[in-house]
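[1] just to be clear, the model below is a prediction. Sequence and coordinates:
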Amino acid sequence: MSKAAKTTNPKTVSATHVQMTEIVLPNDANVLGNILGGKVMHMIDIACAVAAHRHCRKPVVTASMDSLDFRHPIKVGELIIVKASVNRVFNTSMECGAKVYSENLNTGKCKHTSTAYLTFVALDDNRRPTTVEPMIVETDDERRRWEAAEVRRHFRIKQKQLLRKQG
């Protein structure tokens with residue numbers, strides 16, 4: 001742990017929790033009446049940015065988004081619910097996870113529709129990367145997500161190195 005990290009106040013994962021809910025309107029949908037993938041990505045990015053900002057209390061920028069699969073469509077008239085939080089803090093970056101759900105307002109039935117992982121970098125007053133406060137992991141689920149974030153980070157770094165070799 002760096003000296004900078006020792007002098008800051010660690011934050012809990014629960015302090016970063018975000019939930020965004022919107023009703024899917026016709027303007028948000030494709031010709032099949034399903035929410036546009038870009039709209040889902042936008043909401044994920046916003047929710048995760050808020051979670052990251054809550055953790056470090058500094059401006060953040062999106063550095064990457066891991067793969068995003070659409071398991072189930074979200075129809076016009078249903079709710080889209082995005083839940084996000086910080087999974088792990090590194091030096092100047094944080095991995096945030098987001099789960100997307102649909103809710104049928106008539107039946108109350110919810111479906112898990114997507115999962116995504118995004119990396120954000122915290123910026124100082126000069127818009128340069130800056131050290132992020134440490135994180136307190138309190139539950140078994142938070143510990144599982146914390147450990148999985150390290151695996152994904154290792155994969156992202158390895159992938160970047162391999163692509164650089166390809167030229």
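    Right, received. Where do you want to start?
[2] for residue 91, what is the enclosing helix or strand?
    Using DSSP states H and E, residue 91 falls within no helix or strand.
[3] oh, I was asking about residue 102
    strand 93-103.
[4] before we move on, what about residue 114?
    Per DSSP H and E, the secondary structure element for residue 114 is strand 110-122.
[5] buried ones in that strand, by neighbour count?
    Residues of strand 110-122 classed as buried: 113, 114, 116, 117, 118, 119, 120, 121, 122 (neighbour count, 16 or more other CB atoms under 10 Å). (Glycine included, C-beta is placed from N, CA and C.)
[6] possible to save those as JSON lines with distance to residue 86 and pLDDT?
    As requested, these are exported to JSON lines (distance: CB to CB, whole Å; pLDDT from 0 to 100):
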{"residue": "113", "distance to residue 86": "22", "pLDDT": "98"}
{"residue": "114", "distance to residue 86": "18", "pLDDT": "97"}
{"residue": "116", "distance to residue 86": "14", "pLDDT": "97"}
{"residue": "117", "distance to residue 86": "11", "pLDDT": "97"}
{"residue": "118", "distance to residue 86": "10", "pLDDT": "97"}
{"residue": "119", "distance to residue 86": "11", "pLDDT": "97"}
{"residue": "120", "distance to residue 86": "9", "pLDDT": "98"}
{"residue": "121", "distance to residue 86": "13", "pLDDT": "98"}
{"residue": "122", "distance to residue 86": "11", "pLDDT": "98"}
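[7] so the strand holding residue 102 versus strand 110-122, what angle?
    160 degrees (axes from the mean of the first three to the mean of the last three CA atoms, to 10 degrees).
[8] just the CA atoms of strand 93-103, as PDB, please.
    The C-alpha coordinates for strand 93-103 follow below in PDB (Å, rounded to 0.1, in the frame of the first residue of the first chain):
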ATOM      1  CA  SER A  93      -8.500   3.000 -11.200                       C
ATOM      2  CA  MET A  94     -11.600   1.200 -10.000                       C
ATOM      3  CA  GLU A  95     -13.600  -1.600 -11.400                       C
ATOM      4  CA  CYS A  96     -17.300  -1.200 -11.200                       C
ATOM      5  CA  GLY A  97     -19.900  -3.900 -11.800                       C
ATOM      6  CA  ALA A  98     -23.400  -3.300 -13.200                       C
ATOM      7  CA  LYS A  99     -26.400  -5.700 -13.300                       C
ATOM      8  CA  VAL A 100     -29.300  -4.800 -15.500                       C
ATOM      9  CA  TYR A 101     -32.900  -6.000 -14.800                       C
ATOM     10  CA  SER A 102     -36.200  -5.600 -16.500                       C
ATOM     11  CA  GLU A 103     -39.400  -5.300 -14.500                       C
END
